[in-house]
Each structure stands twice: as C-alpha cells, then as structure tokens.
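A.B. asks: I'd like to go over a predicted model; first the sequence, then the structure.
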Amino acid sequence: QVQLVESGGGLVQAGGSLRLSCAASGRTFSSYAMGWFRQAPGKEREFVAAISWSGGSVYYADSAKGRFTISRDNAKNTVYLQMNSLKPEDTAVYYCAAAVGMSVTTGRAPYWGQGTQVTVSS
C-alpha cells in the first residue's frame with residue numbers, strides 16, 4: 001500500500017516557476033515508477049511526466065518537454081516536478097501516481113494522490 005500526498009501548488013504569474021512535491025508513505029517507494037498528471041476544468045486528466053523506479057528513465061508529454069523536469073529522491077520517498085516558464089494553459093489540478101512499471105505513463109496506476117492546484121495567471 002502506498003499513500004501519496006502532493007504539495008507545492010499555488011498561484012503564479014505566467015513565466016514563473018513552481019516545484020511540486022509528492023511524498024509517499026511505505027517502505028516500497030523505490031519499487032514504483034512515478035508519474036505526474038493534471039486535469040484542467042472541463043478537460044480529461046492528461047499525462048505530464050513519469051520517472052522509473054531508479055530515476056534512470058524519464059518521459060514527458062510534449063507540452064512539458066523543455067519546461068518541466070521530473071526527479072525523485074528515494075531516500076526521502078519523494079518525487080518532484082519542477083515547472084518553469086509556466087503558461088496559463090498549465091492551470092490544472094496536478095496529481096501524482098505510483099505504479100509498478102512504466103504503465104504509469106498511461107494512467108493505469110493503483111495509487112493516486114489527492115492533487116494540488118496550480119493556477120497560472122496571464
């Protein structure tokens with residue numbers, strides 16, 4: 001069982017930065033691939049970024065490439081999403097997810113956090 005808690009969301013102006021964190025409970029965090037997803041009002045949830053259990057492989061949605069960086073610290077049971085050059089269209093609730101294997105990129109993950117709101121003003 002893994003419990004996930006996101007933090008770091010907030011209100012930022014366009015062009016600004018935020019770093020999201022996702023803290024995981026449980027001693028098996030390092031066994032899971034981790035992903036970040038987002039859902040804007042009236043839209044479906046979409047994949048943002050994912051990282052393998054070791055951190056050796058990372059994947060990004062086209063919308064995130066070059067602006068967002070996913071990383072993890074297995075000693076701290078935490079995964080991060082550094083978001084730079086934010087745009088109003090990045091406004092959404094951001095969720096982290098955990099899964100065994102990179103199926104996390106498809107959203108097929110058994111564990112999800114409650115989400116953290118990111119609002120980017122123009």
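C.D. replies: The structure has been received and is ready for your questions. Worth saying up front: this structure is predicted, and the values here are computed from it rather than measured.

A.B. asks: distance of the spatially most central residue of the chain from Ser122?
C.D. replies: In the chain, the residue lying closest to the centroid (C-alpha atoms, centre = their mean) is Trp36, at 2.5 Å. Relative to Ser122, Trp36 is positioned 23 Å away (C-beta to C-beta, to the nearest Å). In this view, the C-beta of every residue, glycine as well, is placed from N, C-alpha and C.

A.B. asks: same question for Trp112.
C.D. replies: With distances taken as C-beta to C-beta, Trp112 is found 29 Å from Ser122.

A.B. asks: which of these two has more neighbours?
C.D. replies: Shown here are Trp112 and Ser122; by other C-beta atoms under 10 Å, Trp112 has more neighbours (19 against 9).

A.B. asks: look up the closest residue to the more buried one, ignoring the ones flanking it.
C.D. replies: Distances taken as C-beta to C-beta, 6 or more residues apart in numbering put Ala97 closest to Trp112, at 5.1 Å, once the chain neighbours are dropped.

A.B. asks: if we can go back for a sec, contacting residues around the residue nearest to the centre of the chain?
C.D. replies: Contacts for Trp36 (C-beta atoms under 8 Å, 6 or more residues apart in numbering) come out as 20, 22, 48-50, 70, 79, 81, 94-97.

A.B. asks: quick check: which element contains the spatially closest residue to Thr105 that is not a sequence neighbour?
C.D. replies: The spatially closest residue to Thr105, leaving aside those adjacent along the chain, is Ala50, at 4.7 Å (C-beta to C-beta, 6+ apart). Assigned by DSSP states H and E, Ala50 belongs to strand 46-51.

A.B. asks: got the buried residues for that strand?
C.D. replies: Residues of strand 46-51 classed as buried under the neighbour-count rule (16 or more other C-beta atoms under 10 Å) are 47-51.

A.B. asks: format the residues you listed as a markdown table; extra columns: pLDDT and distance to Gly9.
C.D. replies: A markdown table is the format used below for the buried residues of strand 46-51 (pLDDT from 0 to 100; distance: C-beta to C-beta, whole Å):
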| residue | pLDDT | distance to Gly9 |
| --- | --- | --- |
| Phe47 | 97 | 18 |
| Val48 | 98 | 13 |
| Ala49 | 98 | 15 |
| Ala50 | 97 | 19 |
| Ile51 | 97 | 19 |
